[in-house]
Structure formats: structure tokens, C-alpha cells
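1. sequence below, structure please.
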Amino acid sequence: MESSLGFVHKGNARFSSLKHFSDVLPQVTPSTGTDSFSGSSLGPTWEWNHNPDTTKFTVSNGLTLRTATVTVDLYAARNTLTKRIHGPVGTGTLVMDFTNMADGDRAGLVAFRHVSAWIGIKRDGSAYTIGMTNGITQSESDWSTTNTGTTVSSVTITQKKVWLRVVANIAPNSSRTAVFSYSLDGNSFTTLGPSFALNTDWQYFMGYRYGIFNYATKATGGSVLISSFTSS
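-> Residues are numbered from 1 along each chain as shown. Got it, this is the predicted structure:
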């Protein structure tokens, strides 16, 4: 006799005959690899750090991030897109076209937590620089911003496309540092700034994440195009 749940009863024994269940498992998106943002929506491995302003980003053969906030505070900037770091040593590489940046804009790649550091493009007037900024902090008691950070190293850039990279050692009992670098051709990377000590305080239990950001310090209206992000 077969029960309504699909089990065949023979004496005191039961044998499953769940023939009505599919043996085709759903496809799972890997957390590593290259995302070229080729569809019309973000993949499931991405998360916003705030409720996003959906009018300020577009996914279509790349990710266009338009500035959504005028601020000097990374934590107050809307539409920072985050992704988990794959350990024990994770590498995140961003390819960004910043042709349409506006004066005062800041855009790049951050090791994101309540103690953060980033590498990115800064436009001030007609000058563009690649900068490494660290010392960005929040209070562990109320999560207010306590320091907006200091640019500790920078170089001038004349082209409008850049590769930005962070290598984060998040293994237990390791150096627990992140190293930031940039490339002008996607092949040869140059380290910028000192190694960044990753914070391990328990209050921010989610741990470090990669973050892609674009915010204005003067007026909204600028944008950047992220053509790909590779996580390994």
C-alpha cells in the first residue's frame, strides 16, 4: 500500500517511492568568478548597504552607478553595493570607466566594515587622482561616523578607465590585512598606500565585505560604469 506521502508500506518496513519529485536541482550562482553585469538586474550575491535609490543605478551590459548622495561620509552615501569576501585570502578586482564623473565625485572599491579603507578615483576640478583612503570609522555604540578618513597615498591619472583591486587576508591567526592596488591595463598592478589592518571586533559581526561606491561631495549628476567585478 502507498501512503499519501509517497511511501510504500510492506509489513513494518517503509520504502520511499517519491517518483513525483524532480531530480533536477536548481542552479546555484557561485560566489566567485567574474560578474559582467550582462543582464538587467543584479545577481543574488550582491547586497546594498542601504535601501537603494533605484533611479540611481542601471544594469545593462555593465553596472552604471549615478551619484545618489552629496556627502563626505562613505557611510552616509547611498547605493554602495557590497559582496562577501571569499576566504581565506580573497581578491576583488573592479573595472571602472569614470568618463562621466562630475567635479567632487568619489568612486571606487572599499574594504567595508565599521573600520574601512578604500581605493578609488577622486575628481577635483579637472584633476583626477587614484587615492587610497583609510581610517574611516564608526562608533561601536551607536554606529555614528567618527572619522571620514584620510587619503594617505595618491597618484595622478589621465586615462578614464582603471582596474582597482583589494586582496584581503581574512584567515584566522593570520596577518588580517588588506592590500590595495590599481592597474592601467588590467595586467600590471601597483600597490597604493600601506597595508590596512582588518578589524575583528565582535560588534560588527558580518565581517568585511567588498563594496563598490560612487558619491558626490558637491552635486549629484555624475556617474561611473562598472564593466566587471571579479572575486576569487
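2. scan the helices and strands of the chain for the one with the lowest mean pLDDT.
-> strand 7-10 (a mean of 50; mean pLDDT, DSSP states H and E).
3. ok, Ser38 - how many residues close by?
-> Neighbour count of Ser38, defined by other Cβ atoms under 10 Å: 10. No exception for glycine: its C-beta is placed from N, CA and C like everyone else's.
4. checking it next. Helix, strand or coil?
-> coil (DSSP: H, G, I helix; E, B strand; the rest coil).
5. was I right to think it contacts Asn61?
-> Yes. With contact defined as Cβ atoms under 8 Å, Ser38 counts as touching Asn61 (6.2 Å).
6. what about stretch 174-189, start to end distance?
-> Stretch 174-189 has an end-to-end distance of 23 Å (criterion: Cα to Cα, to the nearest Å).
7. just stretch 168-187 next, same as before
-> End-to-end distance of stretch 168-187 (Cα to Cα): 19 Å.
8. mean confidence score for that stretch?
-> Mean pLDDT, stretch 168-187: 95.
9. got it, and stretch 107-127?
-> Per-residue pLDDT over stretch 107-127 has a mean of 98.
10. am I right that Asn100 is in contact with Ser223?
-> Yes. If you go by Cβ under 8 Å, Asn100 and Ser223 touch, sitting 4.7 Å apart.
11. more neighbours: those two, which one.
-> Neighbour count, other Cβ under 10 Å: between Asn100 and Ser223, Ser223 has more, with 21 against 14.
12. pretty sure that one contacts Gly62?
-> No. In this structure, Ser223 is not within contact of Gly62 by Cβ under 8 Å, at 11.0 Å.
13. name the residues that touch stretch 28-36?
-> Residues outside stretch 28-36 that contact it (Cβ atoms under 8 Å, 6 or more residues apart in numbering) are 43-46, 61-62, 83-84, 86, 227-232.
14. of all those residues, which comes closest to Thr148?
-> Distance to Thr148 across the contacts of stretch 28-36 (Cβ to Cβ) is lowest for Lys83, with 23.2 Å.
15. which residues touch the closest one?
-> 31, 45-47, 92, 209-211, 229, 231.
16. what's the pLDDT at it?
-> pLDDT, Lys83: 96.
17. how much space between it and Asn49?
-> Note on Lys83: its distance to Asn49, by Cβ to Cβ, to the nearest Å, is 11 Å.
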